[in-house]
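S.K.: what follows is a predicted structure for the sequence shown.
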Amino acid sequence: MNTYFVIFFGAILINNFVLTRFLGICPFLGVSKKVETAIGMSLAVMFVMTVASVATWAVQEYILLNYDLLYLRTIAFILVIAVLVQFVEMVIQKTSPTLYQALGVYLPLITTNCAVLGVTIINMNEGYTLMQSTVHGFAAAVGFGLAIVVFAGIRERLEFADVPPALQGFPIALIIGGLMSISFFGFQGLL
Amino acid sequence: MKLVRLRYTRWFNILRDGISHKNPIAVAVLGICSALAVTNRVENAIAMGLGVTFVLMASSATVSLLRSFIPSKLRMVTYMVIISTYVITVQMFLAAYFPVISRALGAYVGLIITNCIVMGRAEAFAVRNNPRYSMLDGLASGLGYTLVLIVVGAVRELLAVGTLLNAQVMPDSFTTWTVMALAPGGFFIVGLFIWGIRELIHYHEAA
């Protein structure tokens, strides 16, 4: 139980995917102009990352290790993720049109979210079991969601600030990211 | 006279766009993840930059060669297979010849696949142009990316440990800024760097 606790809070607060590991910066900067879109994106990512952790663990354990194909890991994982995203999109479209309306636009973007591929590779490098991978995948996505939603809140306020023209948009967003990253250092001694 | 004519040739324009006017990091803001993560040391930045440049050139050329055979519905998946083939090549090459750098870069070499620059160039340029120009376009974007990485890496290494390519540069009395080697340093330096470049080329994002 204790290891799960450490993995869970470690991935959310200490090794936050966006602010410490620099994974998933593109959606972090791209879809964080409004809090609602940020929440939609993070829900979609949460779902895909948890399922991807389970699916890639199975692929690694039953296909890659069994047939000694470990060098094909990256290509196998990205295909699994691409298929998964497509599949999730179709299932949501059929079963829950309202949810599809809310998440629809973000789903295709997730394939190129390096946080998803990143979490699966980190799971394998750390040698996590199936349960640990699942917890880590979910926690990493929660950490991503936390960072992106807080960031979107700050950016909404920033609309009213007087920023020099060349600093507007991405440069100022990166500097805010840096400040948030410093504030997350505060969690360093937590575990 | 020759210089003037040079400015109108196609390859010159492609090169200039990739390196400065449409620099993948400073103007288009693509591939930021790796730019933040691997720039804590210049040698990592160089290795990553060259790796991405190779993948860009090779995958642009391949996509361009196959452009009439790729069904448009399946093009994203096809690009991914092509790109990951080259990424695995880079991964194996680094692991075989530069094990230290390979360990320092860790998972980020594999993550070149999801680097939006590679996908972006394939989709925006290579599917519509012949292999020669596609390869040149890949080279230009790759060089633009590498240059930014090296400059950011140099600043961060200098401030964080006082060295450049592991050679001591700063005097012994220099107090190192450890934060530069950590995550916030990456955000700050890349943010300030993009600001500086945009100030120079007068590129302003519409607010």
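M.R.: Right, received. Where do you want to start?

S.K.: ok, A:Pro29 - how many residues close by?
M.R.: Just so we're on the same page, residue A:29 is Leu rather than Pro. 20 (other Cβ atoms under 10 Å in any protein chain shown). Every C-beta, even on glycine, is put in place using the N, C-alpha and C of the backbone.

S.K.: not counting its neighbours along the chain, what's nearest it?
M.R.: Closest residue in space to A:Leu29, ignoring its immediate chain neighbours: A:Ala173 at 5.4 Å, by Cβ to Cβ, 6 or more residues apart in numbering or on different chains.

S.K.: so what's the residue count around that neighbour?
M.R.: For A:Ala173, using other Cβ under 10 Å, the count is 25.

S.K.: and if you look at A:Leu65?
M.R.: A:Leu65 has 11 nearby residues by other Cβ under 10 Å.

S.K.: so who does it touch?
M.R.: By Cβ atoms under 8 Å, 6 or more residues apart in numbering or on different chains, the contact list for A:Leu65 is empty.

S.K.: quick revisit: give the contact list for the residue nearest to A:Leu29.
M.R.: By Cβ under 8 Å, 6+ apart, the neighbours of A:Ala173 are A:29, A:32, A:151, A:155, B:191.

S.K.: helix or strand for the first one, which one?
M.R.: Spelled out, that is A:Leu29. Assessed by DSSP states H and E, A:Leu29 sits inside helix A:25-30.

S.K.: for that helix, packing partners?
M.R.: Using 3 or more Cβ pairs under 8 Å, 6 or more residues apart in numbering or on different chains; DSSP states H and E, the elements in contact with helix A:25-30 are helix A:106-110, helix A:114-126, helix A:130-158, helix A:170-184, helix B:32-37.

S.K.: tell me which of the ones you listed is the most buried.
M.R.: helix B:32-37 (a mean of 26; mean count of other Cβ atoms under 10 Å in any protein chain shown).

S.K.: what residues of the helix or strand just after that helix count as buried?
M.R.: Downstream of helix B:32-37, the first helix or strand assigned by DSSP H and E is helix B:42-65. Within helix B:42-65, the residues scored as buried using 16 or more other Cβ atoms under 10 Å in any protein chain shown are B:42-64.

S.K.: equivalent analysis for stretch A:73-88, please.
M.R.: Going by 16+ other Cβ under 10 Å, stretch A:73-88 has these buried residues: A:73-82, A:84-85, A:88.

S.K.: quick one: which of those residues sit in helices?
M.R.: A:73-82, A:84-85, A:88 (DSSP state H).

S.K.: any chance of those in JSON lines, with distance to A:Thr120 and pLDDT too?
M.R.: Shown next, in JSON lines, are those (distance: Cβ to Cβ, whole Å; pLDDT from 0 to 100):
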{"residue": "A:Arg73", "distance to A:Thr120": "9", "pLDDT": "86"}
{"residue": "A:Thr74", "distance to A:Thr120": "10", "pLDDT": "85"}
{"residue": "A:Ile75", "distance to A:Thr120": "13", "pLDDT": "86"}
{"residue": "A:Ala76", "distance to A:Thr120": "10", "pLDDT": "89"}
{"residue": "A:Phe77", "distance to A:Thr120": "5", "pLDDT": "90"}
{"residue": "A:Ile78", "distance to A:Thr120": "9", "pLDDT": "87"}
{"residue": "A:Leu79", "distance to A:Thr120": "12", "pLDDT": "87"}
{"residue": "A:Val80", "distance to A:Thr120": "8", "pLDDT": "89"}
{"residue": "A:Ile81", "distance to A:Thr120": "7", "pLDDT": "88"}
{"residue": "A:Ala82", "distance to A:Thr120": "12", "pLDDT": "85"}
{"residue": "A:Leu84", "distance to A:Thr120": "11", "pLDDT": "85"}
{"residue": "A:Val85", "distance to A:Thr120": "13", "pLDDT": "84"}
{"residue": "A:Val88", "distance to A:Thr120": "15", "pLDDT": "78"}
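
S.K.: out of the residues you listed, who's near chain B?
M.R.: Filtering those for neighbours of chain B using Cβ under 8 Å from any Cβ of the partner chain leaves A:73-75, A:78-79, A:82.

S.K.: out of the residues you listed, flag the one nearest to A:Thr134.
M.R.: A:Arg73 (18.7 Å; Cβ to Cβ).

S.K.: my guess is the closest one contacts A:Ile63, does it?
M.R.: No. Look at A:Arg73 against A:Ile63 with Cβ atoms under 8 Å: they stay out of range, at 10.2 Å.

S.K.: so who does A:Asn15 touch?
M.R.: A:21, A:143 are the contacts of A:Asn15 under Cβ under 8 Å, 6+ apart.

S.K.: rerun that using 7 Å as the cut-off
M.R.: Contact partners of A:Asn15, counting by Cβ atoms under 7 Å, 6 or more residues apart in numbering or on different chains, are A:Arg21.

S.K.: look up how far chain B lies from it.
M.R.: Computed as Cβ to the nearest Cβ, to the nearest Å, the A:Asn15 to chain B distance reads 10 Å.

S.K.: which one of the ones next to chain B among the ones in helices among the buried residues of stretch A:73-88 is nearest A:Ala44?
M.R.: For those, the nearest to A:Ala44 is A:Ala82 (14.8 Å; Cβ to Cβ).

S.K.: name the nearest residue to the closest one, sequence neighbours excluded.
M.R.: A:Ala82's closest residue in space is A:Thr111 (Cβ to Cβ, 6+ apart), at 5.1 Å.

S.K.: so what's that neighbour scoring on pLDDT?
M.R.: What the model reports as pLDDT for A:Thr111 is 75.

S.K.: cool, and A:Met41?
M.R.: So A:Met41 comes in at 81 (pLDDT).

S.K.: what is the mean pLDDT for stretch B:67-81?
M.R.: Mean predicted confidence for stretch B:67-81 is 84.

S.K.: pull out the buried positions in it.
M.R.: B:67, B:70, B:75-80.

S.K.: stretch B:188-207 too?
M.R.: B:188-195, B:197-198, B:203.

S.K.: nearest to B:Thr89, of the residues you listed?
M.R.: The closest of the buried residues of stretch B:188-207, once distances to B:Thr89 are taken by Cβ to Cβ, is B:Val190, at 27.7 Å.
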